[in-house]
Each structure stands twice: as C-alpha cells, then as structure tokens.
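>>> My questions are about this predicted structure, shown below with the sequence.
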Amino acid sequence: AQSVSQHNHHVILSEAASLELGCNYSYGGTVNLFWYVQYPGQHLQLLLKYFSGDPLVKGIKGFEAEFIKSKFSFNLRKPSVQWSDTAEYFCAVSRGSQGNLIFGKGTKLSVKP
Amino acid sequence: GAVVSQHPSRVICKSGTSVKIECRSLDFQATTMFWYRQFPKQSLMLMATSNEGSKATYEQGVEKDKFLINHASLTLSTLTVTSAHPEDSSFYICSARDGGLQETQYFGPGTRLLVL
C-alpha cells in the first residue's frame, strides 16, 4: 500500500541540539513533498515544500529538508533547535499537482530548555 | 501565507443532532477544499475532497450521507455531520488549495466536535 512513514514517534532534545526527523514514502514516479508543523493548540502550518529543482529545500524558522530520490526520503533538519520548536511535525506527499496529500503519522518534538 | 478559517472552533452537541462546520479561505480563492479527521495521537485522515460547484469526492469508508459537504463558492465549504453519534467525536480540519503554480494546501485551525 502507498504510505508515508515517519520513523520517530517522539523525539526529546535539549536546546541547541541538532535535529533530524525521518520521512520515507512508498510511491514511484513524480511526487511533491511537504513538511507541516503543528504547535500546541495551533493549526497546521507549512514549513517547507519540494516540487522540483534543488533537492535541498530551505523553509521557515531555520528548517531545511533534503529530497533523496534513490532513498524515497525527505528528512527534516535543523542545526540547533530552540524550546519554541516544540511541536508535532508531519511529513506529507502528493502525486502531481492535483494529487491529494497523504500524511505520515507525525513526530512529536519536545525541546527541553 | 494564505489564511483559512473554521467555525466553530469547538462544538458540543447531543446525540442525534446535526452539526455544521464552515471552512473559509480568507485571502484567496480555493477551487478545491479538503476535509480531514484527526484522531488523538494519529495523523490526519482525508475524508473528502470538495470541488466548487460539484459533488464532493469521498474517501473509501466515509459515509457521504452522514458527512454532507457543500462547496457553494470559491471561498466557502461546509461539512455537516448528520445525526451525530458519540463515535463522531473528533477533531475536524479543513484545508484549501491555492491553485497557483505550485499548489499548496493551507489548513484551518480545526473544529473539536464532542457528541454527548
């Protein structure tokens, strides 16, 4: 079955630690890739997206993600996390411009001050 | 970025009643809106895709007669949960696609439904 996998359910880090959240998908062909963030009590916000071009995508708040086609991966990274990055992070994939989003189960990030 | 609103943010109703949830794109026109359901500690599950001026497309397992969707304009879609039961209690989230060159979905804040 087509799916999006996020390997970590809950990640706990101290401030200034580096972050990498894994995301793998199982679709062949052209895909569009997204990372969304949901801060406590708030709605989903787009962090970054990849449609084509440079596979290293930079998003808001210092986040970046790298699309590695051969590994079907789109991992999210941040060199130095802050307490305010505490949130749930969702990876999502769509196929083509009209495709619906398929979400991973999310990774909860807790950053200790 | 684009803003999507939902109303109400929270609703409590009695079993057997119907509840209407509105989703609006505030600063862009959305030919397509989506309705999701999010269970605790789980991902968003797509319920249906709503296209302006046409019937909604429901995902497998979602009852179209129970979850009525209307997309009457380019900025408004409504989800009506008919004859609600306690198992319908959930967090309902809508999103709207901006239809630009790189189409992106923007999400509303969600509606928490509690059916007693």
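Arrived safely, thanks for sending.

>>> tally of neighbours for B:T80?
B:T80 sits with 15 neighbouring residues when counted by other Cβ atoms under 10 Å in any protein chain shown. (Each C-beta comes from the backbone N, C-alpha and C, glycine too.)

>>> Sticking with residue 17, tell me its helix or strand.
Since no chain was named, I'll use chain A. Using DSSP states H and E, A:A17 is not contained in any helix or strand.

>>> Skipping adjacent residues, who's closest to A:S73 in space?
Among residues not flanking A:S73 along the chain, A:N24 sits closest, at 5.1 Å (Cβ to Cβ, 6 or more residues apart in numbering or on different chains).

>>> Which strand residues bridge that neighbour?
Taking DSSP bridges, one obtains A:S5, A:S73 as the residues bridged to A:N24.

>>> That one reaches A:S70, doesn't it?
No: using Cβ atoms under 8 Å, A:N24 is not in contact with A:S70, being 11.7 Å away.

>>> Can you pick out the residue with more neighbours from the two?
The neighbour comparison of A:N24 against A:S70 (other Cβ under 10 Å) goes to A:N24, with 18 against 5.

>>> Get me the contact residues on chain B for chain A.
By the rule Cβ under 8 Å from any Cβ of the partner chain, the part of chain B lying against chain A is B:1, B:34, B:42-44, B:46, B:49, B:93, B:95, B:102-110.

>>> Tell me which entries of these lie within strands.
The strands, defined by DSSP state E, take in B:34, B:44, B:46, B:49, B:93, B:95, B:105-107 from the residues of chain B next to chain A.

>>> Contact partners for residue 37?
Using chain A. Contacts for A:V37 (Cβ atoms under 8 Å, 6 or more residues apart in numbering or on different chains) come out as A:44-45, A:47, A:87-90.

>>> wrong chain, I was asking about chain B
B:44-45, B:47, B:90-93.

>>> Filter those residues down to the buried ones, ChimeraX style.
Applying 16 or more other Cβ atoms under 10 Å in any protein chain shown to those leaves a buried subset, and the ChimeraX line that selects it is:
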select /B:44,45,47,90,92,93
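
>>> so which pair among the contacts of B:R37 is furthest apart in space?
Of all pairs drawn from these, the one with the longest distance (Cβ to Cβ) is B:M47 and B:F91, at 11.9 Å.
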